[in-house]
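Asker: show me how the following folds:
(2 chains)
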Amino acid sequence: MNPATGLLRGIGRPSLAALAAIGRVALFAASILGHLLRPPVYWRELGTQMLQIGWFSLPVVGLTALFTGGALALQIYSGGARFNAESVVPSIVAIGMVRELGPVLGGLMVAARVASSVAAELGTMKVTEQIDALTTLSTNPMKYLVVPRVLAATLTVPVLVGVGDAIGIMGGWLVGVTRLDFTSVTYLKNTVDFLEPWDIGSSLVKGAVFGFIIALMGCYHGMTSGRGAQGVGRATKAAVVAASVLILAANYLLTEMFFTS
Amino acid sequence: MITLSGVTKSFTTNHVLRGVDLTLASGKSMVIIGGSGTGKSVLLKCILGLVPHDSGSITLDGQDVRRAERDAFLARFGMLFQGGALFDSLRVWENVAFRLMRGATRRPKDEARAIALEKLRRVGLGPQVADLYPGELSGGMQKRVGLARAIAAEPEIIFFDEPTTGLDPIMAGVINDLIREIVVEMGATAMTITHDMSSVRAIADDVAMLHDGRIKWTGPVSEMDACTDPYVQQFIHGRATGPINAIR
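Answerer: Numbers count the residues shown, from 1 in each chain, chains lettered A, B, ... in the order given. Okay, the predicted model is just below:
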């Protein structure tokens, strides 16, 4: 094989594989949306998944936001001191947390926790024939397993992000008041004055998109898992990597869409 | 009656079923024997529509299974999976009552639980296991729970995928007897796939031998030992030499 052909083949084969994978994920997502619109809805499963994905992710998202908000306050204070702009700490912490760090870090932490567990759970169910068993029991696995997880993540991750934003701002406030000589009233007034409603709205929209991505990747890789422990392991790894990369890419696109005129 | 004509199924270059012709009469218990990897499980999954067949036809009472209304079609079947395939996140009784609590024939929770307890009793398990999770049960108990789930909605047709694999001989005998009793009691049509010759003799009315993607021999279990087919003879006597390659 001449080098040019080899090079073309080297580029073409992975490109085609990537396009095929995008097509499969798109069809999977379309199938989820189709099932969302048709009964039955498994309310109990939805409730269970909202608890698993939303409530039980709160500690990890809260701690991440708390420490990030505190560190952000320290960084902005020390950086701002170079041009006598220490007073911007509350507003920059608030805007930075709400617009970017809250949704992105919250999304990445939930991706690590939820995409992995969903892919591992569904992958194990697939290799142990539990998904076939569901079908033989006249229950559609997409409706029973996938739709509740996707719906739960899309509904609860924005709430997690909102709570994370508030905790992140609180982390900045704690550091500002205890370490940087801000008064509590001044810090909170600057936070509220500079934060706009759309900052919060965009954060929640990002959360919903990231939640959908996390559950979509977890479910897709779990439902298409290969055989055995190795197959489930690969599915889990692929779900976390894909969800994380897609969250960062979607974050850029959403930021471009929301904040550039 | 289930009829298969010229059914084929390939996975990329692996031709698993190469034209299966088979008829299972209503109320009969057929056991399909054959070596590992000969496509026995794929055959069951093709009938149920879990794996789409490539060509040929599969009919249930004369109707093509691909054209059948899915829920109504599946409601006629029960299946015991090889590993039990119990839902880890549900309690034992919820596994057994799974179908009873969903779909068009949904029953109240208390009634579904009562039926589940009765089915568990039928397979020799007491009410004390009902609220356990599948992970807390031994392999034999999981098989029995799987059997209880398969019969919970009293289906017309029951499939058993290697029901005694991984069980000790005594537990295997218990499961074989249970399957035979339940099939006779319910008047169900049964299709079982197994390598276990004691299961074949305990469960079967008819036997079919699947090899190389085709049915090599089929007939009543009473004629199996006397049949002259070299594939059947090698298989039922477990000989290393014969027309079936020992190393596949």
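Asker: so who does the closest residue to residue A:151 other than its chain neighbours touch?
Answerer: Closest residue to residue A:151 apart from its sequence neighbours, by CB to CB, 6 or more residues apart in numbering or on different chains: residue A:46 at 5.9 Å. The C-beta positions use only the backbone N, C-alpha and C, and glycine is treated the same way. The contact partners of residue A:46, taken as CB atoms under 8 Å, 6 or more residues apart in numbering or on different chains, are A:148, A:151-152.
Asker: so which of those are in helices?
Answerer: Counting by DSSP state H, the contacts of residue A:46 place A:148, A:151-152 in helices.
Asker: what are the ranges of the helices in chain B?
Answerer: B:40-48, B:70-75, B:92-96, B:109-122, B:139-151, B:169-186, B:197-203, B:230-237.
Asker: show me the one of these that comes nearest chain A.
Answerer: helix B:70-75 (4.7 Å; CB to the nearest CB).
Asker: so what touches the closest one?
Answerer: In contact with helix B:70-75 (CB under 8 Å, 6+ apart) are residues A:135-138, B:48-49, B:60, B:65, B:99, B:103-105, B:153, B:155.
Asker: stretch B:203-220 now?
Answerer: By CB under 8 Å, 6+ apart, the list of residues contacting stretch B:203-220 reads B:8, B:15-22, B:24, B:28-35, B:38-40, B:43, B:160, B:176, B:179-180, B:183, B:190, B:192, B:194, B:200, B:221, B:224, B:227, B:229, B:231-232, B:235, B:244.
Asker: select only the buried ones of the residues you listed in ChimeraX?
Answerer: Those of the contacts of stretch B:203-220 that count as buried under 16 or more other CB atoms under 10 Å in any protein chain shown are selected in ChimeraX with:
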select /B:8,16,17,20,22,24,28,29,30,31,32,33,34,35,38,39,40,43,160,176,179,180,183,190,192,194,200,221,224,227,229,231,232,235,244
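Asker: got the contact list for the closest residue to residue B:197 other than its chain neighbours?
Answerer: Spatial nearest neighbour of residue B:197, excluding adjacent residues (CB to CB, 6+ apart): residue B:236 at 5.7 Å. Going by CB under 8 Å, 6+ apart, residue B:236 touches B:33, B:197, B:200, B:224-225.
Asker: hmm, back to that, restrict the contacts of stretch B:203-220 to those that also contact chain A, please.
Answerer: For chain A, no contacts are drawn from the contacts of stretch B:203-220 by CB under 8 Å from any CB of the partner chain.
Asker: tell me the residues of chain B that contact chain A?
Answerer: B:45, B:48, B:50, B:70-71, B:74-75, B:77-79, B:81-83, B:85-88, B:98-99, B:102-103, B:149.
Asker: show me which of those are buried.
Answerer: Among these, those classed as buried by 16+ other CB under 10 Å are B:45, B:48, B:50, B:74-75, B:77-79, B:81-83, B:85-87, B:98-99, B:102, B:149.
Asker: any idea how far residue B:208 is from residue A:192?
Answerer: 77 Å (CB to CB, to the nearest Å).
Asker: quick revisit: could you list which of the contacts of stretch B:203-220 belong to strands?
Answerer: Within those, residues falling in strands by DSSP state E are B:8, B:15-22, B:24, B:29-33, B:160, B:190, B:192.
Asker: you'd agree residue A:131 is up against residue A:146?
Answerer: No. Counting by CB atoms under 8 Å, residue A:131 does not reach residue A:146; the two are 10.3 Å apart.
Asker: rewinding a little: out of the buried ones among the residues of chain B next to chain A, which are inside strands?
Answerer: Counting by DSSP E, those contribute B:77-79 to strands.
Asker: any idea which of these is closest to chain A?
Answerer: residue B:79 (4.7 Å).
Asker: pretty sure that closest one sits against residue B:151.
Answerer: No. With contacts counted by CB under 8 Å, residue B:79 stays clear of residue B:151, the gap being 10.5 Å.
Asker: shared neighbours, these two?
Answerer: By CB under 8 Å, 6+ apart, the residues touching both residue B:79 and residue B:151 are residue B:158.
Asker: buried residues, the host helix or strand of the residue nearest to residue A:151. List them.
Answerer: In the assignment (DSSP states H and E), residue A:46 maps to helix A:43-49. The neighbour-count check on helix A:43-49 (16+ other CB under 10 Å) flags A:45-46, A:49 as buried.
Asker: which SSE is immediately downstream of that helix?
Answerer: Next in line after helix A:43-49, if elements are assigned by DSSP H and E, sits helix A:58-80.
Asker: other SSEs contacting that next one?
Answerer: Counting contacts by 3 or more CB pairs under 8 Å, 6 or more residues apart in numbering or on different chains; DSSP states H and E, helix A:58-80 is packed against helix A:89-96, helix A:102-110, helix A:147-179.
Asker: hey, which of those is tucked in deepest?
Answerer: Mean neighbour count (mean count of other CB atoms under 10 Å in any protein chain shown) peaks for helix A:102-110 among the helices and strands packed on helix A:58-80, with a mean of 26.
Asker: one step back: any chance of the buried residues of helix A:43-49 in TSV, with pLDDT too?
Answerer: Below are those laid out as TSV (pLDDT from 0 to 100):
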residue	pLDDT
A:45	93
A:46	95
A:49	95
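Asker: how about the residue nearest to the spatial centre of chain B, what does it touch?
Answerer: With distances taken as CA atoms, centre = their mean, residue B:160 lies nearest the centre of chain B, 1.8 Å away. For residue B:160, the contact set (CB under 8 Å, 6+ apart) comprises B:79-80, B:150, B:179, B:190-194, B:203.
Asker: before we move on, what about residue A:231?
Answerer: Residue A:231 neighbours (CB under 8 Å, 6+ apart): A:123, A:127, A:225.
Asker: tell me the SS of the last one?
Answerer: This points to residue A:225. coil (DSSP: H, G, I helix; E, B strand; the rest coil).
Asker: next, count neighbours for it.
Answerer: Counted with other CB atoms under 10 Å in any protein chain shown, the neighbours of residue A:225 add up to 26.
Asker: cool, and the second one?
Answerer: Counted with other CB under 10 Å, the neighbours of residue A:127 add up to 18.
Asker: wait, it sits on residue A:232?
Answerer: Yes. Using CB under 8 Å, residue A:127 is in contact with residue A:232, at 6.3 Å.
Asker: between the two, which contacts overlap?
Answerer: residue A:225.
Asker: and the next helix or strand past the helix or strand that contains residue A:116?
Answerer: Per DSSP H and E: residue A:116 is located in helix A:116-127. Using DSSP H and E, the helix or strand that follows helix A:116-127 in sequence is helix A:130-136.
Asker: residues of chain A that sit close to chain B?
Answerer: Residues of chain A lying near chain B (CB under 8 Å from any CB): A:40, A:125, A:128-130, A:132-139.
Asker: returning to that earlier point: distance to residue A:29 and pLDDT for the contacts of residue A:231 - can I get that in CSV?
Answerer: CSV is the format used below for the contacts of residue A:231 (distance: CB to CB, whole Å; pLDDT from 0 to 100):
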residue, distance to residue A:29, pLDDT
A:123, 19, 96
A:127, 23, 92
A:225, 18, 92
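Asker: out of these, who's nearest chain B?
Answerer: Distances from chain B to those, taken by CB to the nearest CB, are shortest for residue A:127, at 9.4 Å.
Asker: ok, and the closest non-adjacent residue to the closest one?
Answerer: residue A:227 (5.8 Å).
Asker: next one: phi and psi at that neighbour?
Answerer: phi -80, psi 150 (degrees, to the nearest 10).
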